[in-house]
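S.K.: sequence first, predicted coordinates after that:
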Amino acid sequence: MSGFAGPVVMLVGALAVPAVHALEQGTGPVTIGRLQYEGGGDWYANPSSLPNLLAEVRARTGIPTAERDVAIRPGDPALRDFPFLYMTGHGNVRFSPEERLALRRYLLEGGFLHADDNYGLDESFRQEMARVFPDREMVELPPEHPVFHAPYEFPEGLPKIHEHDGAPPQAFGIFHQGRLVVIYTYETDLGDGWEDPDVHEDPPEIREDALRMGVNIFVFAMTQGVS
């Protein structure tokens, strides 16, 4: 790993938040690595979602972000240059043994993964995470978790964006030494809410909830552990 980024000060709403205790990405604007995977699932789903989220992070927090995400495979040596990974899709997720090892190493050494179920990857994603982390349990995050409270307040926890099965939204996490390394958002479909407004025609308030939650996750990932 290239180590940890030095502390800088970023505006989060009206708050000055020190950052970044995530993996260092060099001197350019920070971006999101969109995780590619095998198995038949559409890892490339919601193409406008991450550029829109990056723009909102930049506008709302002052964090210098790139205009676009970058597609990256788990086994790519450049994986460690991305402090934040995102994955989504509707179908099966499969990693090779080498990819599981690389992803585990990345996460244990400072990386962060947000997996967002786009309706259909739940079973295979859970199976793959159990192979990546056979020694750790995926646990539900309660509404009191800090990811739901800064910079935006979600007192009831994860917001519901798309109905799908009508089940309540849930957020799950995997922790390493007290640090959240994986957040899995289920039965909400945040990525659909980040897309261009005319793609899913979500009401403005629903889209705003999705973007606010996305900003919360990004800010939390980039600042957790910073005192």
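M.R.: Yep, that arrived.

S.K.: which pLDDT does the model give residue 22?
M.R.: What the model reports for residue 22 is a pLDDT of 43.

S.K.: tell me where this structure has helices.
M.R.: With helices called from DSSP state H, the chain shows them at 49-61, 97-108, 122-132, 190-194, 197-200, 204-223.

S.K.: now the shortest one: buried residues?
M.R.: In other words, helix 197-200. For helix 197-200, burial by neighbour count (16 or more other C-beta atoms under 10 Å) applies to residue 200. The C-beta positions use only the backbone N, C-alpha and C, and glycine is treated the same way.

S.K.: and the contacts of that helix?
M.R.: With C-beta atoms under 8 Å, 6 or more residues apart in numbering as the test, helix 197-200 has contacts from 46, 48, 162, 192, 193, 204, 207.

S.K.: still on that earlier bit, which of the helices of the chain sits most buried?
M.R.: With neighbours taken as mean count of other C-beta atoms under 10 Å, the helices of the chain reach their highest mean count in helix 190-194, at a mean of 27.

S.K.: centre of the chain versus that one, how much separation?
M.R.: In terms of C-alpha atoms, centre = their mean, to the nearest Å, the gap separating the centre of helix 190-194 from the centre of its chain is 12 Å.

S.K.: same thing with stretch 92-105?
M.R.: For stretch 92-105, the distance to the chain centre is 17 Å (C-alpha atoms, centre = their mean).

S.K.: in this structure, where is pLDDT below threshold?
M.R.: 1-27, 225-227 (pLDDT under 70).

S.K.: quick check, central residue of it?
M.R.: Geometric centre of the chain, nearest residue: residue 114, 2.6 Å, by C-alpha atoms, centre = their mean.

S.K.: next up, the contacts around residue 48.
M.R.: 194, 195, 196, 199.
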